[in-house]
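1. Could you work out the structure for the sequence below:
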Amino acid sequence: MSTACTREGVLVSEKPWWHTTKTRKQSLLLGLTWSLLAVAHWALLDYRGTATWRLLPPIGFSVLGLVYITSWVMRGRHERSSNTSP
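-> Prediction:
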């Protein structure tokens, strides 16, 4: 089952970009999980003489957490706006 279609030779997604999971609950749980991992990494990181590569995991976890939480917020706004539209 494809989730994309072609219009005028351009591949177009049928879902908006913020649909990273099937449900809002999944987005929230994944966002909180990645954010918790990011906070744990930032808290355990020794900042004295830290090699640059050691910053990559907490930065990556932070970005993933923000992406999933943004997805959760955007889906909620979209659902709210579609419910209030006449």
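
2. Every contact and neighbour count from this point should use C-alpha atoms.
-> Fine.

3. Enumerate the positions of the helix or strand containing residue 78 that are buried.
-> With elements delineated by DSSP states H and E, residue 78 resides in helix 56-84, which encompasses its position. By neighbour count with 16 or more other CA atoms under 10 Å, helix 56-84 contains the buried residues 58, 61-75.

4. Would you point out the helix or strand in the chain whose mean pLDDT is lowest?
-> None of the helices or strands of the chain scores lower by mean pLDDT, DSSP states H and E than strand 4-7, at a mean of 60.

5. Residue 37 and residue 60 touch, don't they?
-> No: contact criterion CA atoms under 8 Å: residue 37 and residue 60 do not qualify, at 9.9 Å.

6. Residue 30 reaches residue 67, doesn't it?
-> No: the pair residue 30 and residue 67 fails to qualify as a contact (CA under 8 Å) at a distance of 9.6 Å.

7. which regions of this protein lie under the pLDDT threshold?
-> 1-13, 18, 50, 85-86 (pLDDT under 70).

8. if you set the cut-off to 50 instead, what comes out?
-> 1-2 (pLDDT under 50).

9. quick revisit: could you list every helix and strand in contact with the helix holding residue 78?
-> Secondary-structure packing of helix 56-84 (3 or more CA pairs under 8 Å, 6 or more residues apart in numbering; DSSP states H and E): helix 24-44.

10. Tell me what angle the helix it packs on forms with helix 56-84.
-> Comparing the axes of helix 24-44 and helix 56-84 via axes from the mean of the first three to the mean of the last three CA atoms, to 10 degrees yields an angle of 150 degrees.

11. what separates helix 24-44 from the chain centre, distance-wise?
-> 10 Å (CA atoms, centre = their mean, to the nearest Å).

12. ok, and what's touching it?
-> Residues lying outside helix 24-44 but in contact with it, judged by CA atoms under 8 Å, 6 or more residues apart in numbering, are 20-21, 57-62, 64-69, 71-72, 75-76.
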